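Undergrad: Below are the sequence and a predicted model; questions follow.
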Number of protein chains: 2
Amino acid sequence: MTYEQQSELSTNMNNMSTTIKIGMIGFSLQNTWAIKTHYPAIQQLSSNFQITALFNESLDESLQTIRQLKLENATAFPSLESFILSSNIDMILVAIHDKNYDPLIAELVANVQQLKFIPNHNQIKYIFLDWPLNCSIEQVEYLVQETAKLDIQTVTSLQGRKSPYVMRAKDLIAEGSIGEINSIEIAGNGAWYGYERPIKSPSYLYDMSNGKDLVSNAFAHTIDVVQYITQSHFKQLNSMIFNNIPKQELIDDNGNRTGEFVEKKAPDHLLFQGKLIKGNVPVSCSFKGGKPTKKFTKNLVIDIHGTRGDIKLEGDAGFIEMSNLVLYYSGMKVEDITTAENVEVKTPGAYDAGKEVMEFYHLRNYNALLGNIFRLYQSIIDVHLHQLKLQSQQKFAYQGFQKEGYPTLTDGLVLYRLIQSVFKSNLLGSTLDVSNLQ
Amino acid sequence: MTYEQQSELSTNMNNMSTTIKIGMIGFSLQNTWAIKTHYPAIQQLSSNFQITALFNESLDESLQTIRQLKLENATAFPSLESFILSSNIDMILVAIHDKNYDPLIAELVANVQQLKFIPNHNQIKYIFLDWPLNCSIEQVEYLVQETAKLDIQTVTSLQGRKSPYVMRAKDLIAEGSIGEINSIEIAGNGAWYGYERPIKSPSYLYDMSNGKDLVSNAFAHTIDVVQYITQSHFKQLNSMIFNNIPKQELIDDNGNRTGEFVEKKAPDHLLFQGKLIKGNVPVSCSFKGGKPTKKFTKNLVIDIHGTRGDIKLEGDAGFIEMSNLVLYYSGMKVEDITTAENVEVKTPGAYDAGKEVMEFYHLRNYNALLGNIFRLYQSIIDVHLHQLKLQSQQKFAYQGFQKEGYPTLTDGLVLYRLIQSVFKSNLLGSTLDVSNLQ
């Protein structure tokens, strides 16, 4: 399996002058997330993407990164202003979760309007912010609004939507292969948030104030995927958030306990339940930290039950956006339904066991951590080339529930509002109406 | 496996005059529930229980039942009054869920005070009402209060507590074999409430007004067992109740669809989540009707995760009180914990994989439908004989979370209040404090 499977256009159009020049904020050798995901994805799509500018807290960090990674076309900039003024950037990419960068992102957002007044800078076409977003919901709203005016496309890394398993599940459901969905159960284990913490693990993961917690991160990716697969948002939700593990023991690089304990402010459990707008489907979700391994169930399980079949997605870790998964399907395929349509119309539960099929879908060597991000970049270039080809000004507003495209900040904004409602429901002790978040 | 395993006293004391004479209300050949459960349990414990009186809507029904079942010691009575006046009843048993009997039960409750004024009737020692209770919460409260004054014991059939799997799970947890519980996930499928209805299935199961619905019945039994296993009640809960299947197709005796549809008022899905008082444990529960079979998960799954191990209970049907189950256990046994106590105290997650054990517990031919009820009767006679032996007036108030004993109406009342809170939470759209239901 190559990651290219899904690309329709890029292979044919490599000779066009269609390279997107990327200016990265917060990309250095210390940023292990970007080093393992964004960077190799960009490298593998080098005929379409090129890193041309770097801006980090320290100029030395940028210079060292350029030298070590041999980024021949990249320039290091000493300030955000000079970085933007470089006139060699098509896409501004923020792929950092360190809170030291929050003021920078705030500055970028606050000044986004000025991008069009910078001489020769009508070329900035994309702003890509990693999920979880390093800014307030008001900043995201502002960014969505202003980038639309400036004709700048936005991207966010809700890359779970690009997982081949997620896309397969979405297709099966869209084809009607499990009939009408009548319930969904989700259980996830985001082991980071449990009793132990690797000594090298970045502390921002455990600090509630940063919004990179179990709810905003692992759960958000998962619930985004569930909405994407089912093609429905929620209309009602209730949540309960727990911090039952206020202290974690540090674990050294060899996996041994150090006896040293550190405070954990971020939650270690989320209970979430809600109703989907489409079909009034009950969705139950238990997302935990705690003991890293469950013995009798996988650390990520999504069970989708329908009137005519079931889909199960399983993974070894409660991070759907970066876990390799397994998809199980059992049901009656759409081809066979039409022949029994009368029965079907009358009884959604009508089921001919003789026509039941089962499917097992697993890509043994799929590197999901990189692969889903790779496919996200691929979809950017597909839309980019498609738009060039059409010679149109038509703007890609958001992925919504389309198969094509990539998640934008509009998608991110809708999810951000959902996550805020999850926190609010817990605080208020209420079931909330969330049907108007879109 | 015989059902007697648990009995400590009954076998030795069969020669005492310790037979409990049972007067049954609503027991006839048409009452398939009682015929399959109460009746054979009583028969198998015939040295301790004897059916001496029957009262049904029609005298003929009682006479026919006595004749066909050869109930040599039983008399049929034409009225509730004459039935009670028979002076040959130690235990009044209501084992019927037909709503025609509701007024009768109301009459019994209303007149319970008078039992002691009936000449020669200080002998009534037990009132046994089947769960779900056929009366209002106020009636149960009244009954609990008045029977206490009269020194009459109450019993209710929360027989899930007597399931050998449930008791094994409770023991493992009490021993500390999974450490501290940190989350519980429950998924049940009460197939009755789905798209189809067997034509012979009693309509009271689908009529909301009767309180014998998915919530009051299948869910109530399950959550009672979860509370019993964990030895904790809930402190907070939220629920969402669905009726997504307002019409069911009738299925004939051969399993064929009839094309005839009937209205369903009872819910077909419950989402429930809450926090246990003990340990602030998050509990997630999705209880469904709908398609009767899930392909990739059992119809009843209870996952209990602890800091040192996991327990999984699985069954083929979402009715824990009458399904045969399988218990899986993985963890570190209490014997091995003491040797690592220092580590343990410091880190609840501390875990020595070398000491991990696994256990699989299944009684292949266990008839759970009968077996759990049988074990309930067995516990009645155990307590009964124990009390006789002690020559004391000490009263068995409720089982609570003890291993010994049987669920009383006090247990039933606490559960009834929880179920009422579940309905209330759904109606109000609120998370409710339920820490004061006991």
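TA: Yep, it's here.
Undergrad: could you point out the longest helix in chain A?
TA: Longest helix in chain A, counting residues (DSSP state H): helix A:368-390.
Undergrad: Give me the distance from the helix or strand following that helix to the chain's centre.
TA: Next in sequence after helix A:368-390, counting helices and strands by DSSP states H and E, comes helix A:409-428. Relative to the centre of its chain, helix A:409-428 is centred 15 Å away, using Cα atoms, centre = their mean, to the nearest Å.
Undergrad: Packing partners of helix A:409-428?
TA: strand A:126-129, helix A:137-150, strand A:153-156, helix A:220-230, strand A:234-242, strand A:432-433 (3 or more Cβ pairs under 8 Å, 6 or more residues apart in numbering or on different chains; DSSP states H and E). Where C-beta positions appear, they are placed from N, C-alpha and C, glycine not excepted.
Undergrad: Could I get these in TSV, plus columns for distance to residue A:207, mean neighbour count and mean pLDDT?
TA: Output for the helices and strands packed on helix A:409-428, formatted as TSV (distance: least, Cβ to Cβ, whole Å; neighbours: other Cβ atoms under 10 Å in any protein chain shown; pLDDT from 0 to 100):
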stretch	distance to residue A:207	mean neighbour count	mean pLDDT
strand A:126-129	20	24	94
helix A:137-150	19	16	92
strand A:153-156	22	25	94
helix A:220-230	17	25	97
strand A:234-242	15	24	97
strand A:432-433	26	16	98
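Undergrad: so which of these gets nearest chain B?
TA: Evaluated with Cβ to the nearest Cβ, the helices and strands packed on helix A:409-428 place strand A:234-242 nearest to chain B, the distance being 4.4 Å.
Undergrad: coming back round to it: let me have the helices and strands packed on helix A:409-428 in TSV, extended by distance to residue B:413.
TA: Formatted as TSV, the helices and strands packed on helix A:409-428 follow (distance: least, Cβ to Cβ, whole Å):
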stretch	distance to residue B:413
strand A:126-129	55
helix A:137-150	46
strand A:153-156	52
helix A:220-230	38
strand A:234-242	26
strand A:432-433	32
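Undergrad: Nearest to residue B:276, out of the ones you listed?
TA: Nearest to residue B:276 among the helices and strands packed on helix A:409-428 is strand A:234-242 (11.1 Å), distances taken as Cβ to Cβ.
Undergrad: neighbouring strands for the closest one, and are they parallel or not?
TA: Here strand A:234-242 has these sheet partners by DSSP bridges: strand A:269-276 (antiparallel), strand A:432-433 (antiparallel).
Undergrad: Would you mind finding the most buried of the ones you listed?
TA: Most buried of these, by mean neighbour count (mean count of other Cβ atoms under 10 Å in any protein chain shown): strand A:269-276, with a mean of 26.
Undergrad: can you pull the pLDDT of residue A:351?
TA: Looking at residue A:351, its pLDDT is 57.
Undergrad: Ok, residue A:205 next?
TA: 73.
Undergrad: what's the distance between it and residue A:239?
TA: According to Cβ to Cβ, to the nearest Å, residue A:205 and residue A:239 sit 20 Å apart.
Undergrad: For residue B:425, which of the helices and strands packed on helix A:409-428 is the nearest?
TA: Closest among the helices and strands packed on helix A:409-428, once you apply Cβ to Cβ, is strand A:234-242, at 8.7 Å.
Undergrad: centroid residue for chain A?
TA: residue A:158 (1.8 Å; Cα atoms, centre = their mean).
Undergrad: quick one on the thing from earlier: nearest to residue B:138, of the strands paired with strand A:234-242?
TA: strand A:269-276 (30.5 Å).
Undergrad: Can you check what angle separates the closest one from helix A:220-230?
TA: 20 degrees (axes from the mean of the first three to the mean of the last three Cα atoms, to 10 degrees).
Undergrad: and the helix or strand that strand A:269-276 is followed by, which strands flank it?
TA: Remark: after strand A:269-276, the chain's next helix or strand is strand A:282-288, criterion DSSP H and E. According to DSSP bridges, strand A:282-288 forms sheet pairs with strand A:181-189 (parallel), strand A:269-276 (antiparallel).
Undergrad: how far is strand A:282-288 from where the chain is centred?
TA: 18 Å.
Undergrad: Can you name the element that comes right after it?
TA: Next element after strand A:282-288 (DSSP H and E): strand A:300-306.
Undergrad: Can you tell me which of the strands paired with strand A:234-242 is nearest to residue A:323?
TA: strand A:269-276 (17.8 Å).
Undergrad: any idea how far residue A:418 lies from chain B?
TA: Separation of residue A:418 from chain B (Cβ to the nearest Cβ, to the nearest Å): 17 Å.
Undergrad: That residue reaches residue A:223, doesn't it?
TA: Yes - Residue A:418 lies in contact with residue A:223 (Cβ atoms under 8 Å); the separation is 6.8 Å.
Undergrad: Give me the below-cutoff pLDDT ranges for the stretch 1-150 of chain A.
TA: Along the stretch 1-150 of chain A, the model assigns pLDDT under 70 to residues A:1-17, A:116-122.
Undergrad: Residue of it closest to chain B, please.
TA: Counting by Cβ to the nearest Cβ, the stretch 1-150 of chain A gets nearest chain B through residue A:132, at 22.2 Å.
Undergrad: Contacts only, for that residue.
TA: A:97, A:211, A:212, A:216, A:217, A:220 (Cβ atoms under 8 Å, 6 or more residues apart in numbering or on different chains).
Undergrad: again with residue A:322
TA: So residue A:322 contacts A:37, A:159, A:368, A:369, A:372 (Cβ under 8 Å, 6+ apart).
Undergrad: ok, for the last one, nearest residue in space, not its chain neighbours?
TA: Going back to what we said before, that points to residue A:372. residue A:159 (4.0 Å; Cβ to Cβ, 6 or more residues apart in numbering or on different chains).
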